[in-house]
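What follows is a predicted structure for the sequence shown.
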Amino acid sequence: MKNLVVFIAIFIVSFSNAQEKEAQLALKKANTYVYEANTLIQEDDFVSAEMEYRKAISEQPTSVAGVYNLGNSYYQKGNFEEALYRHQQATKTSTSKAEKHKAFHNIGNILMKNKKCKEAVEAFKNALRNDPTDDETRYNLGLAKACAEQQKQDQQDENKDDENKDKNNENKDNKDQKENEDKKDKEGDDKEDKKDEGDQEKKEGEDEKDEEDKGKGDEEKKEQQKPKPKPGQLSPQQIKNLLEAMNNQEQKVQEKMNAEKQKGVKVKTEKDW
């Protein structure tokens with residue numbers, strides 16, 4: 001039994017040593033790939049360098065060097081999205097504060113490039129938590145804060161402009177609505193006035209017709225009220241005409257008689273002594 005325990009202990013130690021050697025070998029290979037990739041980057045052969053960095057990550061996934069340097073290469077080529085992803089990986093796999101500081105510092109720089117100033121402030125703060133002595137990180141933090149404040153002010157101004165624009169549009173809509181209502185009211189008033197004028201003209205016409213009809217009625221009524229001659233009697237007009245005729249006849253007779261008298265008188269030619 002004692003021999004069995006010793007055997008197991010020896011096996012465990014041997015297995016651990018083998019794993020450690022294997023890990024050291026993988027780390028050595030990974031570092032070699034990183035070195036070769038860095039050389040290719042200096043030669044501006046980004047495609048080949050990217051392949052070597054990926055080999056390093058595949059050989060030793062927990063190695064920060066491969067991920068961190070690959071992120072830097074993406075940053076240099078302007079691929080900020082991929083660079084951000086790789087440096088975020090580095091912050092998770094890093095075991096030392098120095099490695100975390102570098103990763104967070106670079107994340108802050110990438111976020112500034114993407115105009116994400118508020119997020120960059122937090123990244124630089126995390127970098128300083130891992131290395132408070134880095135003046136470059138502190139300087140970048142100041143820039144990020146100023147940028148974030150400016151963006152906040154710009155957003156407030158934009159919101160204010162939008163509110164003023166909405167208010168102006170609302171006032172314009174209200175003004176247009178009021179003008180339309182006033183126009184409708186005026187059209188209604190004009191229509192009502194025309195109707196009143198038409199009604200007035202119609203009423204005046206009816207009044208004139210009524211007056212005319214009334215005049216005709218009064219005339220007819222007068223005619224009806226005039227005494228009508230009874231059968232066998234003369235009307236007043238006939239009597240008047242008859243009297244005038246008689247007077248005329250009498251006047252003619254009188255004139256005739258006067259003429260005859262004047263004819264019978266002798267005219268004296270000499271004066272009496």
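Received the coordinates, thanks.

What segments of the chain are helices?
With DSSP state H, the ranges of helices along the chain come out as 2-42, 46-59, 64-76, 80-93, 97-113, 117-130, 135-225, 236-264.

For the ones you listed, could you give me JSON lines that also reports mean neighbour count?
Yep, even glycine has a C-beta here, placed from its N, CA and C like the rest. Formatted as JSON lines, the helices of the chain follow (neighbours: other Cβ atoms under 10 Å):
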{"stretch": "helix 2-42", "mean neighbour count": "13"}
{"stretch": "helix 46-59", "mean neighbour count": "18"}
{"stretch": "helix 64-76", "mean neighbour count": "22"}
{"stretch": "helix 80-93", "mean neighbour count": "19"}
{"stretch": "helix 97-113", "mean neighbour count": "21"}
{"stretch": "helix 117-130", "mean neighbour count": "20"}
{"stretch": "helix 135-225", "mean neighbour count": "11"}
{"stretch": "helix 236-264", "mean neighbour count": "10"}
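
export the ones you listed to CSV and tack on mean pLDDT?
Listed next are the helices of the chain as CSV, based on pLDDT from 0 to 100:
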stretch, mean pLDDT
helix 2-42, 68
helix 46-59, 89
helix 64-76, 91
helix 80-93, 93
helix 97-113, 95
helix 117-130, 96
helix 135-225, 77
helix 236-264, 70
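
And for Lys77, nearest residue in space, chain neighbours not counted?
Leaving out its chain neighbours, the residue that sits closest to Lys77 by Cβ to Cβ, 6 or more residues apart in numbering is Phe46, at 5.9 Å.

The one you found contacts Ser73, doesn't it?
Yes - Phe46 is within contact range of Ser73, at 6.4 Å (criterion: Cβ atoms under 8 Å).

And Asp154, how close does it get to Thr39?
44 Å (Cβ to Cβ, to the nearest Å).

Equivalent analysis for Asn258, please.
Distance from Asn258 to Thr39, by Cβ to Cβ: 173 Å.

just Pro61 next, same as before
From Pro61 over to Thr39 (counting by Cβ to Cβ), the distance is 22 Å.

ditto for Lys184
For Lys184 relative to Thr39 (Cβ to Cβ), the value is 83 Å.

so who does the closest residue in space to Cys147 that isn't next to it in sequence touch?
Counting by Cβ to Cβ, 6+ apart, the nearest residue to Cys147 once its immediate chain neighbours are dropped is Cys117, at 3.6 Å. Shown in contact with Cys117 (Cβ atoms under 8 Å, 6 or more residues apart in numbering): 111, 144-145, 147-148, 150-151.

same question, Tyr53
By Cβ under 8 Å, 6+ apart, the neighbours of Tyr53 are 33-34, 37, 66, 69-70, 73.

Kindly report the same for Asn31.
56, 63, 65.

Including distance to Gln24, could these go into TSV?
Listed next are those as TSV, based on distance: Cβ to Cβ, whole Å:
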residue	distance to Gln24
Ala56	15
Ser63	12
Ala65	15
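
Cheers, nothing more for now.
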